[in-house]
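S.K.: Give me a model of this one.
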Amino acid sequence: MANWCNNTIVFEGTDEAIEQITQLFKTMAEREQKENCGQLPEFVQDTNGDYFYNISQDNESFGVFQYETKWSPNTEAVKQIAEHFKVNFTQDYEELGCLVYGQAILDDGTLTNTCLDSQNFDSYELDKETDTYHFEGTEYDSEWDILETLLERKIESHFNSSKV
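M.R.: Predicted structure coming up:
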């Protein structure tokens, strides 16, 4: 049985392109319900079984979708969708059972994928007696704030090192 990776993707482009992507995701969601299996757009080359499962759209935000993938994010498939419709995207993903947490950004054809590594996950610990997390001398009720801080630092470090 697969571990499910949660993905949230935000597409950015013309209203027309985002509307076409919205229709694509709606069609894939409907087909998934009928066929009871993961989906890929017909124009996407299957790279690693990067199928979309449990697809939903954020009705509050234009161009925002949530879905699951098996074990890891399907960034290559998302990149092919973005290239097809000539848009950019930001993909946030997490599957903590496999220590997967990161963000991929496609901006004007350049893909940047930043994810935490085992050293990042080892930088905090859970106190099972108090059910709290400890990171850099501070106690947290949840690990989500810690993970977001670690990812932001890694993105900033990558950004600053690429400017040199």
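S.K.: so what are the domain limits for this structure?
M.R.: What automatic domain parsing lists as the domains of the chain is 1-115, 117-164.
S.K.: For residue 145, see how far away the residue lying farthest from the centre of the chain is.
M.R.: Most distant residue from the mean C-alpha position of the chain: residue 129, 32.0 Å away (Cα atoms, centre = their mean). Separation of residue 129 from residue 145 (Cβ to Cβ, to the nearest Å) stands at 20 Å. (Each C-beta comes from the backbone N, C-alpha and C, glycine too.)
S.K.: same check, this time on residue 130
M.R.: In terms of Cβ to Cβ, residue 130 sits 16 Å off from residue 145.
S.K.: Highest mean neighbour count out of the domains of the chain?
M.R.: The highest mean neighbour count among those, using mean count of other Cβ atoms under 10 Å, belongs to domain 1-115: a mean of 16.
S.K.: so how far is it off the chain centroid?
M.R.: Here domain 1-115 shows a centroid-to-chain-centroid distance of 7 Å under the convention Cα atoms, centre = their mean, to the nearest Å.
S.K.: average pLDDT across that domain?
M.R.: Average pLDDT, domain 1-115: 94.
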